[in-house]
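1. Here is the input, now give the coordinates:
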Amino acid sequence: MRDEIAEALRATLMTPDVLDSNLEPANVVDGLFFIGRAVYRLAEVLERYLESHGRAGTPVHSQEDS
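-> Numbers count the residues shown, from 1 in each chain. So this is what the prediction gives:
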């Protein structure tokens with residue numbers, strides 16, 4: 001029973017349909033990593049946008065559109 005539960009959890013948290021950077025089945029950690037990296041890249045783009053519009057260093061919600 002214990003092995004069945006462990007295998008069920010493993011099957012739920014991993015997918016053989018998607019491979020990670022090591023060419024192993026992707027798992028929840030890989031998914032969270034890619035989401036985190038995407039959020040970081042979005043923040044970089046937003047920061048560059050704000051800098052190009054003279055709004056760097058201030059919260060986005062406090063700015064009025066020009």
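
2. ok, Pro16 touching Pro25?
-> Yes: using Cβ atoms under 8 Å, Pro16 is in contact with Pro25, at 4.8 Å. Placement of C-beta: from N, CA and C, glycine included.

3. quick one: which of the two has more around it?
-> Pro25 (15 against 9; other Cβ atoms under 10 Å).

4. how far away is that one from Arg55?
-> Relative to Arg55, Pro25 is positioned 43 Å away (Cβ to Cβ, to the nearest Å).

5. and what of Glu24?
-> 43 Å.

6. okay, those two: which has more neighbours?
-> Per other Cβ under 10 Å, whichever of Glu24 and Arg55 has more neighbours is Arg55, with 16 against 11.

7. Could you look up the SS state of the more buried one?
-> Under DSSP: H, G, I helix; E, B strand; the rest coil, the three-state class of Arg55 is coil.

8. where does it sit relative to Asp3, distance-wise?
-> In this structure, Arg55 and Asp3 are 56 Å apart, going by Cβ to Cβ.
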